[in-house]
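>>> Next comes the sequence, and after it the predicted model I'd like to discuss.
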Amino acid sequence: MTQQSLFNETMEERPYVKGELGRMIFHNEAEHFSIASIKVKDTNEEFNEKDLVIKGHFSPLEEGETYIFHGEFKNHKKFGLQYEVEMYNRVLPETKDGIVLYLSSDLFHGIGKKTAERIVDELGEQTISRILENPEVLDGIPKLPKEKAEQLYQALKEHQGFEHVMIHLSQYGFGLKLAQKIYQAFQDQTLSIIEEDPYQLVFHVEGFGFHRADEMARMQNLSHDHPTRIRAACLYMLQKSMSSGHVYLPTEECLVQVEQLLNNGVDPAITFEKLSEQIIHLGEERFVYIEDDRVYLPSLYFAENGFCSHIDRILEQDIDVEHTQADLMKIIGDMEEEEAISYGEDQFNAIEKALHSKLMILTGGPGTGKTTVIKGIIHTYAELNEVSIDPDDYDSDKPFPFILAAPTGRAAKRMTESTGMPASTIHRLLGWDGHNSFERNQNNPLDGKVLIVDEFSMVDIWLANQLFRAIPDDMQVLLVGDEDQLPSVGPGQVLADLLASQQLPSVKLTEVYRQKEGSKIIQLAHEIKNDACTANSLGKDHDFSFIAAREHQLSELVTNIVQKAMEKGNDLRDIQVLAPMYRTDVGIHKLNESIQQTINPKHRQKRDLKFYEVTYRKGDKVIQLVNQPEDGVYNGDIGEIVAIFRAEENVDGVEQVVVDFDGKEVVYPKKDLNSIMHAYCTSIHKSQGSEFSIVILPVVRSYRRMLRKNLLYTAITRSKQSLIICGDREAFLDGVSATDTNTRYTRLKEKLKEDTPSEVDTEEEEDQLSPYDFM
Ligand SMILES: Nc1ncnc2c1ncn2[C@@H]1O[C@H](COP(=O)(O)OP(=O)(O)OP(=O)(O)O)[C@@H](O)[C@H]1O
């Protein structure tokens, strides 16, 4: 199935059905297959009904938009007459409704649906050309201030060139947002570039994928060994490898992967020589960086080298230590008395070493006293330097000396709770603008004396570099994390590499203090960590149970446990089901469905809203999937649906879901619902940095591909009070004894050991997109 090329037969010559998309009934991402209902507006086929179901291999289309579909009618045994779509294109607004939709889209700030309707009521179907000819026609529109009218006119003028291009781009089925991005990149060259070399989109339009460009190129009969095809494939492979956590690809491996992607049965095959030439060309044009036998995407090349050079810079600085050992002993002694604990030897060493180091790593498993040591360091530093630890004693002229941060909102919140001090996410600390730039950097560094970053195992190489760029020379830094947890979702394994390089002072806490309070969860965690977990480790205890279950019983069992835990008075927010996979019969999606049906079933007094295969309902527990700093919500935040609005109930005229995240309400128009998903069950990866009172962990054979020691260790260390593992005992025991063999390609450890510090051109570094733009 293709979208129509620019040089197709005219609409009249081919069978077509023109219609407004009513509803996407089904979409299968993997198969790229969709079913939708349309309201028929026009057709040259023999068909007189108003409603029609269409199906074919196309991306989700936008509801309310008009498209022309080419294809043929098929009679389905069960569902009757349907239109099997071969090609489609989108129709620009020509009706009043279409123009209202267009004017109230994101393109025109400050124009909502009501205002757009008033304008179109007054100016009719020629609205756009009438405004462009004479903006004064807007003067007569009720409730449209002059300022807004002027803004609208200016925006329309700006989009005029875009409009022209959009008509053509729409034939490829591109939505407004993507068309805008393409136009921004190429302006009036857009059409010629697309027709001559669609692979340019991969290089210049953020997030534009190779396969899409390849599809367009096939329509234009571009040769399979076209140089830009090879280059685009190489970039695509690097982006793909980054999603698997690699910071670079060995050149050889990159070549092999590109060769497999491009040749795929094609004759004559593209030679390695040709491929190498194009990789070198990419390097010359700085779309990639080639360092010895490694190929990097620019953002990651700068991140790895930049991070190393900042580590060197910070370690080179001298540190004034004026206190004596006796001073330290006295302060720690007083603290021990106050807290009624006695610091272990390694804890005492950690405090002392951190105070004497510019940069130190503190690592250890759960309950080994990392937080206790953080508090110890802050108090001792404050006493020795005679500074207050009360944030209220400070203002913008005299900034608070202690900066506490963590990679996720939940981890930062936990840090605040455990230390009693303000902590923020790293993104917020650095003043992230939501796209690619941070307010804090080497020219505008952080204010403060001591920076403590918790959950550092979750920090990828790109964010680590952004953070370290903003650290001034006179700041002391403590990185805290558990090296046995999963590595970051983004590229690299920064904490593990820093520790393995042995170039930084570090302290590893091994004695478990929480175990002394009789925690089976902590005991199990340490048994897994020390490869000492056996069937005996899974015996019942006051905070732990293992419930054996077969795969077909799992969904019901997990749901029952959640229900029982709620009946005992636990808040749904404190109960978390964690699973490693999304799409199996007992995957995250299915478990969410099953739990929702029991905990928050359909009810006539509860509104719901269907979004593809998922039904969202008032009262549902949901998780945010992307960072959305403009609304103050971040990837991994958990909230509850508190309202669902119908299109006619709000000024924007679209269906909306309102989610409450700990008192902060965020409104999602229906089209943005892919930013959230149900969170009765979430992935173990997403749970990093969070803790829950009760964790329910299903483990079965069909998860086998994912079951690894660090994954299961991360999952069980999320639970504070109670852990229930259910499923297959053998699968669990096999999982905890399987180490993660997927080594990530990173050069950080070696670079830290090299004598010559890495050089980075900071000006070039500024321009780089973040890896998340591709992930
Ligand atoms: N030296 C000590 N003597 C007695 N109790 C201690 C000592 N150190 C820590 N604890 C106690 O052990 C428990 C765990 O300590 P802490 O929270 O500091 O560990 P942690 O490594 O931060 O754990 P987690 O990573 O699980 O949050 C706390 O209740 C703490 O008060």
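Arrived safely.
>>> going forward, measure contacts between C-alpha atoms and count neighbours the same way
OK.
>>> how deep is whatever residue of the chain ends up closest to the ligand tucked in, by neighbour count?
Proximity of the chain to the ligand (CA to the nearest ligand atom) peaks at residue 369, 3.1 Å away. Residue 369: 22 surrounding residues under other CA atoms under 10 Å.
>>> Excluding residues flanking it in the chain, which one is nearest it?
residue 513 (6.8 Å; CA to CA, 6 or more residues apart in numbering).
>>> Could I get the buried residue list for stretch 273-289?
Going by neighbour count (16 or more other CA atoms under 10 Å), the buried part of stretch 273-289 is 275, 276, 278, 279, 280, 282, 283, 287, 288, 289.
>>> Who are the contact partners of the first one?
If a contact means CA atoms under 8 Å, 6 or more residues apart in numbering, then residue 275 has 230, 255, 258, 259 as its contacts.
>>> which SSE is it in?
helix 272-284 (DSSP states H and E).
>>> picking up where we left off before, please identify which of the buried residues of stretch 273-289 is nearest to residue 580.
Lowest distance from residue 580 to the buried residues of stretch 273-289 (CA to CA) belongs to residue 288, with 33.3 Å.
>>> Get me the contact residues on the chain for the ligand.
For the chain, the contact set with the ligand under CA under 6 Å from any ligand atom comprises 341-344, 366-372, 513-514.
>>> Among those, name the ones in helices.
Under the assignment DSSP state H, the residues of the chain next to the ligand contribute 370, 371, 372 to helices.
>>> Can you report how many residues lie near the last one?
Read that as residue 372. Here the count is done by other CA under 10 Å, and residue 372 has 16 residues near it.
>>> Could you do the second one as well?
As a burial measure, the neighbour count of residue 371 was computed by other CA under 10 Å and equals 16.
>>> Could you do the first one as well?
Residues contacting residue 370 under the criterion other CA under 10 Å number 22.
>>> And it, what's its pLDDT?
You'll see residue 370 listed with a pLDDT of 93.
>>> Confirm for me that it is in contact with residue 361.
No: Residue 370 lies out of contact with residue 361 (CA atoms under 8 Å); the separation is 10.8 Å.
>>> So for those two, which residues contact both of them?
Common neighbours of residue 370 and residue 361 (criterion: CA under 8 Å, 6+ apart): residue 480.
>>> residues contacting residue 479?
359, 360, 361, 362, 452, 453, 454, 456.
>>> Tell me which strands the host helix or strand of it pairs with, and in which orientation.
Remark: residue 479 resides in strand 476-481, with elements defined by DSSP H and E. Strands flanking strand 476-481 in the sheet, each with its direction: strand 359-364 (parallel), strand 450-453 (parallel) (DSSP bridges).
>>> just checking, what packs against whichever helix or strand comes after the shortest one?
If I follow you right, that is strand 450-453. Secondary structure here is assigned by DSSP H and E; on that basis, the next helix or strand after strand 450-453 toward the C-terminus is helix 461-469. Using 3 or more CA pairs under 8 Å, 6 or more residues apart in numbering; DSSP states H and E as the contact test, the elements touching helix 461-469 are helix 298-316.
>>> rounded to a whole number, what's the mean pLDDT of the helix it packs on?
Averaging pLDDT along helix 298-316 gives 95.
>>> which residues sit against the helix or strand hosting residue 38?
Assessed by DSSP H and E, residue 38 sits inside strand 33-43. For strand 33-43, the external contacting residues (CA under 8 Å, 6+ apart) are 15-28, 49-60.
>>> got it, and stretch 739-746?
Under the criterion CA under 8 Å, 6+ apart, residues 244, 245, 246, 247, 248, 249, 492, 493, 708, 709, 710 lie in contact with stretch 739-746.
>>> Show me what counts as buried in it.
Across stretch 739-746, burial judged by 16+ other CA under 10 Å covers 744, 745, 746.
>>> Looking at the second one now. What's its pLDDT?
pLDDT, the model's per-residue confidence, is 97 for residue 745.
>>> Let's have the buried residues of stretch 273-289 in CSV, adding pLDDT.
Output for the buried residues of stretch 273-289, formatted as CSV (pLDDT from 0 to 100):
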residue, pLDDT
275, 93
276, 94
278, 94
279, 94
280, 95
282, 94
283, 94
287, 91
288, 94
289, 95
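>>> From these, pick the one nearest residue 337.
Each of the buried residues of stretch 273-289 was scored against residue 337 by CA to CA, and residue 289 proved nearest at 56.1 Å.
>>> Quick check, that closest one in contact with residue 300.
No: proximity of residue 289 to residue 300 does not meet the contact threshold set by CA under 8 Å, at 9.2 Å.
>>> rewinding a little: just the CA trace of the strand holding residue 38, in PDB.
Extracted C-alpha coordinates of strand 33-43, given in PDB (Å, rounded to 0.1, in the frame of the first residue of the first chain):
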ATOM      1  CA  PHE A  33      -2.600  -2.400   9.200                       C
ATOM      2  CA  SER A  34      -5.600  -0.200   9.900                       C
ATOM      3  CA  ILE A  35      -9.400  -0.300   9.800                       C
ATOM      4  CA  ALA A  36     -11.400   2.900  10.000                       C
ATOM      5  CA  SER A  37     -14.900   4.200   9.400                       C
ATOM      6  CA  ILE A  38     -15.500   7.200   7.100                       C
ATOM      7  CA  LYS A  39     -18.400   9.400   6.200                       C
ATOM      8  CA  VAL A  40     -18.500   9.400   2.400                       C
ATOM      9  CA  LYS A  41     -18.600  12.800   0.800                       C
ATOM     10  CA  ASP A  42     -18.100  11.900  -2.800                       C
ATOM     11  CA  THR A  43     -17.200   8.900  -5.000                       C
END
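>>> so after it, what's the next helix or strand?
According to DSSP H and E, the helix or strand after strand 33-43 is strand 51-56.
>>> Tell me which residues are up against that next one.
Contacting residues not belonging to strand 51-56 are listed as 1, 33-40, 81-86 [CA under 8 Å, 6+ apart].
>>> Give the rounded mean pLDDT of that strand.
Mean pLDDT, computed over strand 51-56, is 90.
>>> contacts for the host helix or strand of residue 693?
Assessed by DSSP H and E, residue 693 sits inside strand 692-699. With CA under 8 Å, 6+ apart as the test, strand 692-699 has contacts from 554, 558, 561, 573-579, 715-716, 718-729, 731-732.
>>> can you list the domains in this structure?
Residue ranges for each domain of the chain read 3-168, 197-296, 307-509, 520-631+673-737, as given by the TED database.
>>> any idea which of the ones you listed scores lowest on pLDDT?
Between the domains of the chain, the one with the least mean pLDDT is domain 3-168; it has a mean of 79.
>>> Go ahead and measure how far it is from the middle of the chain.
Once both centres are worked out by CA atoms, centre = their mean, to the nearest Å, domain 3-168 turns out to sit 30 Å from its chain's centre.
>>> Now the terminal residues of stretch 42-62, how far apart.
According to CA to CA, to the nearest Å, stretch 42-62 extends 19 Å from its N-terminal end residue to its C-terminal end residue.
>>> Of all the residues in it, which ones are buried?
Along stretch 42-62, the positions that meet the burial threshold by neighbour count (16+ other CA under 10 Å) are 43, 52, 53, 54, 55, 56, 57, 58, 60, 61, 62.
>>> Please render the residues you listed as a markdown table that adds distance to residue 535 to the earlier fields.
As requested, those are arranged in a markdown table below (distance: CA to CA, whole Å):
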| residue | distance to residue 535 |
| --- | --- |
| 43 | 68 |
| 52 | 58 |
| 53 | 55 |
| 54 | 54 |
| 55 | 51 |
| 56 | 51 |
| 57 | 49 |
| 58 | 49 |
| 60 | 48 |
| 61 | 51 |
| 62 | 53 |
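>>> Out of these, the closest to residue 461 would be?
Minimum separation from residue 461 among the buried residues of stretch 42-62 (CA to CA) is found for residue 60, which lies at 33.9 Å.
>>> residue ranges for the strands of the stretch 551-700 of the chain, please.
Shown for the stretch 551-700 of the chain, the strands assigned by DSSP state E, counting those that start in this stretch span residues 575-579, 608-611, 614-617, 621-624, 638-645, 656-661, 664-669, 676-678, 681-683, 692-699.
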